[in-house]
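Trainee: Here is the input, now give the coordinates:
(one chain, ligands or ions: 1)
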Amino acid sequence: MTVRDILKMGDPRLLRQAQPVREFDTPELHALIADMFDTMHAANGAGLAAPQIGVDLQLVIYGFKKNARYPDAPEVPETVLINPVLTPIGDGMEEGFEGCLSVPGLRGSVPRYTRLHYEGFDQYGKRIVRDADGFHARVVQHEVDHLLGILYPMRIRDFTKFGFTDVMFPELDPNDDD
Ligand code: NI
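Mentor: Below you'll find the model as predicted:
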């Protein structure tokens with residue numbers, strides 16, 4: 001069990017196009033995913049992408065029953081998603097506030113597709129095929145952006161809705177203010 005350091009915005013490793021995972025169900029992959037869950041849980045994150053711990057692979061994890069950083073968010077199934085491909089369903093988009101463990105202390109309103117079809121693989125190489133909407137769809141789009149070298153501030157259109165978490169959301173626990 002290892003909590004890894006999370007890279008912060010400005011680190012060029014967050015700007016790479018991640019490489020596909022080619023071997024599934026290996027001890028190395030399972031150990032990496034265990035570290036990612038330890039790291040995400042230690043930070044109360046809703047999701048984490050491998051590039052955020054400096055690993056250049058198309059691998060994201062996400063999911064929670066209840067999340068202190070997003071107290072109003074509905075449950076999202078705990079998921080390991082590898083080599084993902086996203087396809088929006090329709091062109092409807094919605095704005096919603098996001099934070100990122102690589103952008104500590106800040107929140108911004110980001111437009112995301114409302115409904116999404118996504119595919120990929122789990123750590124055993126089993127295919128994942130899902131449709132998602134709302135916060136679930138938002139989390140997937142945020143995490144998969146990390147694999148494209150995109151951090152959420154790059155998606156913000158209205159910079160009047162970008163600021164410090166403790167100013168905009170004083171009701172949140174400052175210990176989760178990342
Ligand atoms: Ni993030």
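
Trainee: What helix or strand is Y124 located in?
Mentor: Per DSSP states H and E: Y124 is located in neither a helix nor a strand.

Trainee: The spatially closest residue to it that is not a sequence neighbour: what secondary structure?
Mentor: Spatially, and ignoring its direct neighbours in sequence, Y124 is nearest to D25 (4.9 Å; Cβ to Cβ, 6 or more residues apart in numbering). Quick note: C-beta positions are derived from backbone N, CA and C, even for glycine. Classification of D25 using DSSP: H, G, I helix; E, B strand; the rest coil returns coil.

Trainee: repeat for E171
Mentor: coil.

Trainee: From Q58, how far off is it?
Mentor: Distance of E171 to Q58, given as Cβ to Cβ, to the nearest Å: 36 Å.

Trainee: Pass me the low-pLDDT residue ranges in the chain, would you?
Mentor: Scanning the chain for pLDDT under 70 picks out the ranges 174-178.

Trainee: which residue is nearest the middle of it?
Mentor: By Cα atoms, centre = their mean, the chain has its centre lying nearest to E143, at 3.0 Å.

Trainee: List the residues that contact that residue.
Mentor: Contacts for E143 (Cβ atoms under 8 Å, 6 or more residues apart in numbering) come out as G47, L48, A49, V60, I61, Y62, L81.

Trainee: Just flag the most distant two among the residues you listed.
Mentor: Between any two of these, the greatest separation by Cβ to Cβ is 11.3 Å, found for L48 and L81.

Trainee: hey, what's in contact with both of these two?
Mentor: With Cβ under 8 Å, 6+ apart as the test, L48 and L81 both reach V60, I61, Y62, E143.

Trainee: List the pairing partners of whichever strand or helix holds the second one within its sheet, with orientation.
Mentor: In other words, I61. According to DSSP H and E, I61 maps onto strand 59-64. Applying DSSP bridges to the sheet, strand 59-64 is found paired with strand 47-49 (antiparallel), strand 76-88 (antiparallel).
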